[in-house]
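Asker: Make a model of this:
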Amino acid sequence: MSLVLFAGPSLCGFDEGDLPYDVELRPPARRGSFDRLSVESGPDVAIALADGFFQSVPAVGHHEIIEVLRSGRQVWGLCSIGAIRAAELDHLGMMGFGEIYESFRCNPEQPDDVVALLHDPEWPWRPVSEPLVHLSRASSHLVEIGLIDQLVADAVIASLKNRWFGERTIGEFLKLLENRIGRSVGSRSAIDHFDDFRTKHHDLVRFLDEAPWRV
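Answerer: Have a look, this model is predicted:
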């Protein structure tokens, strides 16, 4: 069983040549991506939806995913719009993977834009902003290590929730924190390794490592 993977910014920092031998990488999905795939590939090809376009073009639709599921193929969802669609369609056989999927499965009222971000329009799809899920995880870490308290963290995340997702950047996050506490956030060392908080990327790397489509 081989895999077609629709992914973009969730792969950032991952070299295309490091993909497993049986994975074919395609750009983030959009409306019609699954319809075209049904024509192009056979039933022995599994599909994983990680990233997808949703603002400049119509997002990948439920109906086209359901049609592929009806054909008997494996369809996985994770990371971003894939996690959202898997949480919406797992009762029809779409399989979810990772922390982001579990978050949407357990909290279906969660707004979709918590995983949204701006990114470059082509490979390597470099992120320009950060999704709220990553910034929330960073703020929780700052609380855990005692740099800020929970009230400050809650206020900063609430402010970011009220902004367009393209304005949710690490720089803006730090500015809001520092305005709240009246000083620099330590040496910013807690943010120096922001990759630790990029759950979408970690979910995708773990998915590729575990390769559940081969089971």
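Asker: what about whichever helix or strand H134 is part of, distance to the chain center?
Answerer: According to DSSP states H and E, H134 maps onto helix 132-144. Helix 132-144 sits 16 Å away from the centroid of its parent chain (Cα atoms, centre = their mean, to the nearest Å).
Asker: In this structure P58 contacts R31, no?
Answerer: Yes. If you go by Cβ atoms under 8 Å, P58 and R31 touch, sitting 3.7 Å apart. Glycine gets a C-beta too; all of them are placed from N, C-alpha and C.
Asker: which residues of this protein score low on pLDDT?
Answerer: Flagging of the chain using pLDDT under 70 yields the residue ranges 38-42, 186-190.
Asker: now the helices: where do they sit in it?
Answerer: Ranges of helices in the chain, per DSSP state H, are 33-40, 62-70, 81-89, 98-106, 132-144, 150-161, 170-181, 189-192, 199-210.
Asker: got the phi/psi numbers for the most far-flung residue of the chain relative to its centre?
Answerer: Taking Cα atoms, centre = their mean, the residue of the chain most remote from its mean C-alpha position is G182, at 32.3 Å. When read as degrees, to the nearest 10, the backbone of G182 gives phi 70, psi 20.
Asker: and what of D15?
Answerer: phi -70, psi 130.
Asker: Show me how far stretch 124-133 is from its chain's centre.
Answerer: Using Cα atoms, centre = their mean, the offset of stretch 124-133 from its chain centre is 9 Å.
Asker: Would you mark the buried spots in it?
Answerer: W125, P127, S129, E130, P131, L132, V133 (16 or more other Cβ atoms under 10 Å).
Asker: which residues touch the first one?
Answerer: In this case it means W125. G8, P9, L11, C12, P27, P28, D51, H119 (Cβ atoms under 8 Å, 6 or more residues apart in numbering).
Asker: same question, the last one
Answerer: For V133, the contacting residues are I100, S103, V114, V115, T199, K200, by Cβ under 8 Å, 6+ apart.
Asker: and the angle from the helix holding H134 to helix 199-210?
Answerer: 100 degrees (axes from the mean of the first three to the mean of the last three Cα atoms, to 10 degrees).
Asker: Quick check: the gap between the closest residue to G98 other than its chain neighbours and A83.
Answerer: Among residues not flanking G98 along the chain, D203 sits closest, at 3.0 Å (Cβ to Cβ, 6 or more residues apart in numbering). D203 sits 8 Å away from A83, going by Cβ to Cβ, to the nearest Å.
Asker: how about stretch 98-105: buried residues?
Answerer: Per 16+ other Cβ under 10 Å, stretch 98-105 contains these buried residues: G98, E99, I100, Y101, S103, F104, R105.
Asker: make that stretch 12-23, sorry
Answerer: C12, F14, L19, V23.
Asker: And for stretch 199-207?
Answerer: Of all the residues in stretch 199-207, those buried under the rule 16+ other Cβ under 10 Å are T199, K200, H201, H202, D203, L204, V205, F207.
Asker: now it, how far from the centre of its chain.
Answerer: Distance of stretch 199-207 from its chain centroid, counting by Cα atoms, centre = their mean, is 8 Å.
Asker: ok, back up a step: P58 and R31: who's more crowded?
Answerer: The neighbour count for P58 versus R31, taken as other Cβ atoms under 10 Å, is higher for R31 (16 against 11).
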